[in-house]
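Colleague: With the sequence up front, the predicted model follows.
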Amino acid sequence: MDLHQNLIGGEWTGGEDASDNINPSDTNDVIGRYARADAAATREAIAAAKAAAPAWARSNPAQRHAILSAAAAEIMARKAELGELLAREEGKTLAEGIGEAARAGQIFDFFAGETLRLAGDVLPSIRPNVGIEITREPMGVVGIITPWNFPIAIPAWKIAPALCYGNTIVFKPADLVPGCAWAIADILKRAGLPDGVLNLVMGRGSVVGEAILDSADVDAVTFTGSVGTGKHVAAKCAQYMRKVQLEMGGKNPLVVLDDADLGIAVDCAINGAFFSTGQRCTASSRLIVTEGIHDKFVAATIDKLKALTVDDARKDGTHIGPVVDQKQLDTDLKYLDIGRSEDSANLAWGGELLNRATPGFYLQPALFTETTNDMRINREEIFGPVATVIRAKDYDEALALANDTPFGLSSGICTTSLKYATHFKRNAEAGMVMVNLPTAGVDPHVPFGGRKGSSYGPREQGRYAAEFYTTVKTAYSLA
Ligand SMILES: NC(=O)C1=CN([C@@H]2O[C@H](COP(=O)(O)OP(=O)(O)OC[C@H]3O[C@@H](n4cnc5c(N)ncnc54)[C@H](OP(=O)(O)O)[C@@H]3O)[C@@H](O)[C@H]2O)C=CC1
Ligand SMILES: O=C(O)CCC(=O)C(=O)O
């Protein structure tokens, strides 16, 4: 079986230690073998990124544009193949996998354009004959640590802006999904990225991740993953006074008001809570529903859930693929038990393990009703196909419940009232607000991120990405 090596200083290298990339829809299916770097190899990658940094920082916008555009074009041209790889290694459905690959292409395309729009300010000083220039410079070496749930889009939305703004990279993808990460590195190398500008170091967080965090030569770290690891990353970065950006969990509410269009509300709930097997930090895990529509909404949602097909991610007709691995499945099952043990909570549908033609991590989507916001299933991120319904007496109570969470990533409302939609947009304590749309599923060219325990540091994506990937310089000169 082909060994996929790490990319360090422009050379494909390593692989003495390697892991099998396993298909969660069929655990007998090994996608390939992928190298696992150790701390020494990670330090080499950091040294390569450091050595490449001055030249890349001075590279001209046309060169960066050409490379990012070529990568975008190749990702787009290969979106079906890359989407299939994604579905095979992560368990998203084929349609979702292809959609995510296309999104990665759009992100590279966006930042290719941004290379040609880099700008600064020229200002007069309050002193006579003095001029001021405000410019943005790259941070230097950026450590990129990504999770398993968006194996191509999240690396794309960290790598593309890092390169656009002139940084070099040490990229550590999640150990569970090295396939898409390797494909991106391969595409960028062939697109003409100079040696050492992007270094791929696959392997474990406890080894590769720690080596990145422990290096004084890494100037900034961007991380997406769990709250626990995120806090650890932030603490380590503080020791080095290093810039850090964290995207972590969510416990995103979808408020459904009496005046909502029932069809839209149910579609938003099904999509937001259960698509991508609920493994999205933007998933609508809390459905907050007012009294007048509650019973109709629950009945219609369960009808739709009954019609969903849970099966092999790449099979025609599959709506929901498997859970990503045994560890995440165990977490989902643990929270199902926690929910079942709550006094009032009622597991109204789902939660059963499913057998399919191949051995995989198949779990029936689950809906708890009659839950209260203080239950653990409503406080803690589950990250699986499990959602809850919470009753609210009116809009004011629904808004208060929506905001009563340690998280603040995405918040949604289904209503036909302009008054409530407008009030919710202003008062939802979240980085992203959705009106009559699922809480998950965002555009590639606008800021992404949250508040409270969900995010830390500057926003990702769109032009706002410049805040993290650059540092501002103010230069004064006597005319
Ligand atoms: N907000 C989000 O988008 C995501 C949230 N999660 C949440 O996290 C839970 C657990 O998922 P998990 O994959 O374990 O999340 P982690 O936070 O552990 O993993 C995210 C990334 O951090 C790496 N990492 C782990 N430990 C360290 C460390 N000590 N230093 C540096 N990097 C490290 C991981 O490496 P490795 O390759 O070893 O995993 C991975 O690349 C999920 O159930 C879910 O609740 C998970 C994924 C995404
Ligand atoms: O909902 C989306 O489109 C993005 C979600 C995401 O980035 C995540 O779950 O990590």
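Modeller: Yes, it's here. Ligands and ions are numbered 1, 2, ... in the order given.
Colleague: For burial, what's the neighbour tally of Asp303?
Modeller: 11 (other CB atoms under 10 Å). Backbone N, C-alpha and C define where each C-beta goes, glycine included.
Colleague: Offset the numbering so it begins at 10, please.
Modeller: New numbering, starting at 10: the last item is Asp312.
Colleague: In terms of helices and strands, where is it?
Modeller: Per DSSP states H and E, Asp312 falls inside helix 300-315.
Colleague: just checking, next helix/strand downstream of that helix?
Modeller: helix 335-350.
Colleague: That following helix close to ligand 2?
Modeller: No: Helix 335-350 is not in contact with ligand 2 by CB under 6 Å from any ligand atom; minimum separation 13.1 Å.
Colleague: Which elements pack onto that helix?
Modeller: Helices and strands touching helix 335-350, by 3 or more CB pairs under 8 Å, 6 or more residues apart in numbering; DSSP states H and E, are strand 355-358, strand 375-380, helix 385-388, strand 395-401.
Colleague: Tell me the buried residues in that helix?
Modeller: By neighbour count on 16 or more other CB atoms under 10 Å, the buried set for helix 335-350 is Gln337, Leu338, Thr340, Asp341, Leu342, Tyr344, Leu345, Gly348.
Colleague: That one versus strand 395-401: what angle between them?
Modeller: 30 degrees (axes from the mean of the first three to the mean of the last three CA atoms, to 10 degrees).
Colleague: Tell me which residue lies nearest the centroid of this structure.
Modeller: When CA atoms, centre = their mean is applied to the chain, the residue found nearest the centroid is Ile163 (4.9 Å).
Colleague: if I pick the residue nearest to that residue when sequence neighbours are not counted, what's in contact with it?
Modeller: Distances taken as CB to CB, 6 or more residues apart in numbering place Thr155 nearest to Ile163, at 4.8 Å, with adjacent residues excluded. Neighbour list for Thr155: Ile163, Pro164, Lys167, Phe180, Lys181, Pro182, Ala183, Ala190, Thr233, Gly234 [criterion: CB atoms under 8 Å, 6 or more residues apart in numbering].
Colleague: for the stretch 10-159 of the chain, what spans make up the helices?
Modeller: 48-67, 70-86, 88-99, 103-124 (DSSP state H, counting those that start in this stretch).
Colleague: Give me the nearest residue to the residue of the stretch 310-459 of the chain at minimum distance from ligand 2, chain neighbours excluded.
Modeller: As assessed by CB to the nearest ligand atom, ligand 2 sits closest to Ala449 within the stretch 310-459 of the chain, at 3.6 Å. Nearest non-adjacent residue to Ala449, counting by CB to CB, 6+ apart: Thr291, 3.8 Å away.
Colleague: Just say helix, strand or coil for that neighbour.
Modeller: coil (DSSP: H, G, I helix; E, B strand; the rest coil).
Colleague: and the residue of the stretch 310-459 of the chain closest to ligand 2, how many residues sit next to it?
Modeller: Neighbours of Ala449 under the rule other CB under 10 Å: 25.
Colleague: and it, what does it touch?
Modeller: If a contact means CB under 8 Å, 6+ apart, then Ala449 has Asn261, Asn280, Gly281, Phe284, Ser285, Arg289, Thr291, Ala292, Ser293, Ser419 as its contacts.
Colleague: Let's see that with 7 Å instead.
Modeller: Each residue near Ala449 by CB atoms under 7 Å, 6 or more residues apart in numbering is listed here: Gly281, Arg289, Thr291, Ala292, Ser293, Ser419.
Colleague: I'd like the distance between the fourth one and ligand 2.
Modeller: Right, the one you point to is Ala292. 7 Å (CB to the nearest ligand atom, to the nearest Å).
Colleague: That residue contacts Phe284, correct?
Modeller: No: with contacts counted by CB atoms under 7 Å, Ala292 stays clear of Phe284, the gap being 8.5 Å.
Colleague: So for these two, which sits in the more crowded spot?
Modeller: Using other CB under 10 Å, the more surrounded residue of Ala292 and Phe284 is Ala292, with 33 against 24.
Colleague: Number of residues surrounding the residue nearest to Leu207 when sequence neighbours are not counted?
Modeller: Nearest residue to Leu207, sequence neighbours excluded (CB to CB, 6+ apart): Ile178, at 4.8 Å. Using other CB under 10 Å, the number of residues around Ile178 comes to 27.
Colleague: Quick check, pLDDT for Ile178.
Modeller: For Ile178, the pLDDT comes out at 99.
Colleague: Now do it against Asp413, distance only.
Modeller: Going from Ile178 to Asp413 by CB to CB, to the nearest Å gives 39 Å.
Colleague: what residues are up against the residue nearest to Ala449?
Modeller: Gly259, Asn261, Leu418, Ser419, Thr448, Ala449, Val451.
Colleague: try it again with 6 Å
Modeller: Counting by CB atoms under 6 Å, 6 or more residues apart in numbering, Thr291 touches Gly259, Asn261, Leu418, Ser419, Thr448, Ala449.
Colleague: now swap in Asp268 and tell me
Modeller: Applying CB under 6 Å, 6+ apart to Asp268 gives the contacts Thr424, Thr425, Ser426.
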